[in-house]
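1. build me a model from this:
(one chain, ligands or ions: 1)
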Amino acid sequence: MASADIEKSLTVSKDGQQVEEWLELANGCICCSVKDSGVNAIEALMERRGAFDYILLETTGLADPGNIAPLFWVDEGLGSTIYLDGIVTLVDAKNILRSLDETPAQPLEPHVDAHGGPELTTAHLQISHADVVVINKSDLVTSVELEAVKERIQSINALAKVHVTHHSQVPQLEGVLLDLHAYDSVGAAELDFAAKGHSHLDPTISTLSIPVPILSPAQLPVLDEWLRSLLWDSALLAPHLAAVCPAPSTSRASFEMHRLKGRIQLSDGSVKLLQGVREVFEMLDEKDASKGGDAPSGTGLPRPEGKIVLIGRGLDAEAFRSSVYGTLGVQPLG
Ligand SMILES: Nc1nc2c(ncn2[C@@H]2O[C@H](COP(=O)(O)OP(=O)(O)OP(=O)(O)O)[C@@H](O)[C@H]2O)c(=O)[nH]1
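-> Numbering: from 1, shown residues only. Sure, this is the predicted structure:
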């Protein structure tokens with residue numbers, strides 16, 4: 001399936017004209033290649049044809065965005081001229097609930113679906129990794145059906161912005177489908193929204209929000225270790241169990257991580273932003289504190305805590321919270 005992730009080559013709209021380009025890659029497609037060659041190919045293309053305003057990659061209906069996003073999520077230090085702006089998933093309001101409940105015709109790749117339990121469908125993967133979900137064909141469903149679709153989507157991915165359309169008409173492109181900056185900023189408001197509930201409306205995937213108290217800079221490496229264990233080893237660090245059971249101090253749980261975002265408030269007043277997709281993650285400095293760190297509306301007070309929001313499979317709220325609080329050695333919040 002990986003080789004079918006990119007449907008077309010690369011379609012570029014320039015001066016009102018659509019230009020289609022094939023990328024020349026060693027093994028013939030973007031998704032099978034290593035990160036650098038995909039990015040290099042696009043940079044080479046831009047050198048030949050001039051810089052583009054946007055690059056829109058349209059995948060096939062079977063694509064797993066978690067395979068593709070890390071290829072274009074380029075480390076700032078590499079000085080690339082392109083960056084991953086965000087992932088947009090188009091949902092058909094009439095059929096999405098059936099798609100989420102169906103048994104996949106083709107088994108998903110084992111590393112994606114190592115969990116067992118309720119079926120993980122391609123629709124789940126495309127919604128769980130999305131930064132924006134456009135619910136189209138809204139004219140073909142009743143308002144009650146539309147509400148059920150919205151609730152199901154938000155229970156899977158409470159971080160994504162949801163737009164309801166017919167014939168895919170959006171009021172504007174900027175900020176709705178383009179210029180999302182979904183990977184270089186993490187607003188406090190979007191995390192607050194995602195924290196509203198941990199719904200199990202969808203049996204397969206859910207969004208989990210964990211409030212994190214103000215940390216000292218010395219606690220950051222500990223948080224980093226917790227994240228590495230979570231994302232690289234699929235293991236929850238469990239230091240609070242160490243006294244009873246000295247080794248191993250991790251508990252291997254049956255979960256899969258798809259997306260992660262967070263804001264960590266530090267005692268020196270600075271803010272660290274967390275971004276992750278599958279096993280790739282980064283911790284960034286918030287460059288412009290006025291961007292997302294505003295106080296909860298009306299209080300005039302600084303935000304008292306940070307937050308980590310996780311999207312994935314088998315997220316046991318109690319286990320995740322006690323693991324992170326135990327690892328950091330802080331009192332549980334919320
Ligand atoms: N009623 C209604 N029909 C729509 C809407 N959006 C698209 N359609 C119709 O649905 C049909 C399929 O639309 P496409 O845009 O080709 O769908 P698609 O997902 O791009 O199709 P593929 O890329 O071939 O998979 C066309 O006849 C559209 O006119 C909508 O919001 N409401």
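
2. could I get the pLDDT score of the residue nearest the centre of the chain?
-> Centroid-nearest residue in the chain, with CA atoms, centre = their mean: R259, separated by 3.4 Å. Residue-level confidence at R259 comes out at 96, pLDDT.

3. so it sits in a strand?
-> Yes. Assigned with DSSP: H, G, I helix; E, B strand; the rest coil, R259 falls within a strand.

4. and it, what are its bridge partners?
-> On the basis of DSSP bridges, R259 is bridged to V277, I311.

5. mind checking how far it is from Q169?
-> 27 Å (CB to CB, to the nearest Å). Quick note: C-beta positions are derived from backbone N, CA and C, even for glycine.

6. and if you look at A235?
-> In terms of CB to CB, A235 sits 45 Å off from Q169.

7. more neighbours, those two?
-> A235 (19 against 9; other CB atoms under 10 Å).

8. spatially nearest residue to V186 (excluding sequence neighbours)?
-> Among residues not flanking V186 along the chain, L273 sits closest, at 4.5 Å (CB to CB, 6 or more residues apart in numbering).

9. hmm, I was thinking of W232
-> The shortest distance from W232 to any non-neighbouring residue, by CB to CB, 6+ apart, is to E279 (5.6 Å).

10. tell me who's in contact with the closest residue to Y83 other than its chain neighbours.
-> Leaving aside its chain neighbours, Y83 sits nearest to V74 (6.2 Å; criterion: CB to CB, 6+ apart). Listed by CB atoms under 8 Å, 6 or more residues apart in numbering, the contact set of V74 reads 35, 39, 80, 82-84.

11. swap in 7 Å and give it another go.
-> Residues near V74 by CB atoms under 7 Å, 6 or more residues apart in numbering: 39, 80, 82-83.

12. looking at these, which has the most residues close by?
-> Within the contacts of V74, most neighbours by other CB under 10 Å means V39, with 22 neighbours.

13. for the strand or helix carrying it, the averaged confidence score.
-> Under the criterion of DSSP states H and E, V39 resides in helix 35-49. What helix 35-49 shows for mean pLDDT is 70.

14. sorry, back to before: surely the residue nearest to W232 and L230 touch.
-> No. Checked against CB atoms under 7 Å, the pair E279 and L230 is beyond contact range at 9.4 Å.

15. compare neighbour counts for these two and give me the winner.
-> Taking neighbours as other CB under 10 Å, E279 and L230 compare with L230 leading, 27 against 15.

16. surely that one meets L260?
-> No. Applying CB under 7 Å as the test, L230 and L260 come out as separate, 8.3 Å apart.

17. is the helix or strand encompassing V162 anywhere near the ligand?
-> Secondary structure assigned from DSSP H and E places V162 in strand 161-164. No. Strand 161-164 lies out of reach of the ligand by CB under 6 Å from any ligand atom, never closer than 9.9 Å.

18. ok, residues contacting that strand?
-> With CB under 7 Å, 6+ apart as the test, strand 161-164 has contacts from 132-135, 138, 146, 150, 153-154, 170, 176.

19. how near is the residue nearest to Y83 to the ligand?
-> Distance, V74 to the ligand, using CB to the nearest ligand atom, to the nearest Å: 28 Å.

20. ok so, going back, strand partners (parallel or antiparallel) of the strand holding V162?
-> Assessed with DSSP bridges, strand 161-164 is paired to strand 132-136 (parallel).

21. can you name the next helix or strand after the partner strand?
-> Taking DSSP H and E, what comes next after strand 132-136 is helix 143-156.

22. export stretch 207-225 to PDB, keeping only CA atoms.
-> This file holds the C-alpha atoms of stretch 207-225, laid out as PDB (Å, rounded to 0.1, in the frame of the first residue of the first chain):
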ATOM      1  CA  THR A 207      -8.000  12.000  21.800                       C
ATOM      2  CA  LEU A 208      -6.600  12.200  25.300                       C
ATOM      3  CA  SER A 209      -5.600  15.500  27.000                       C
ATOM      4  CA  ILE A 210      -3.200  15.600  29.900                       C
ATOM      5  CA  PRO A 211      -2.700  18.800  31.900                       C
ATOM      6  CA  VAL A 212       0.900  19.300  32.900                       C
ATOM      7  CA  PRO A 213       1.900  21.600  35.800                       C
ATOM      8  CA  ILE A 214       4.600  24.300  35.300                       C
ATOM      9  CA  LEU A 215       7.900  22.400  35.000                       C
ATOM     10  CA  SER A 216      11.400  23.500  35.800                       C
ATOM     11  CA  PRO A 217      13.900  23.500  32.900                       C
ATOM     12  CA  ALA A 218      15.600  20.600  34.600                       C
ATOM     13  CA  GLN A 219      12.500  18.500  34.200                       C
ATOM     14  CA  LEU A 220      12.500  18.800  30.400                       C
ATOM     15  CA  PRO A 221      15.000  15.900  29.800                       C
ATOM     16  CA  VAL A 222      12.700  13.700  31.900                       C
ATOM     17  CA  LEU A 223       9.700  14.700  29.800                       C
ATOM     18  CA  ASP A 224      11.800  14.000  26.700                       C
ATOM     19  CA  GLU A 225      12.600  10.500  28.000                       C
END
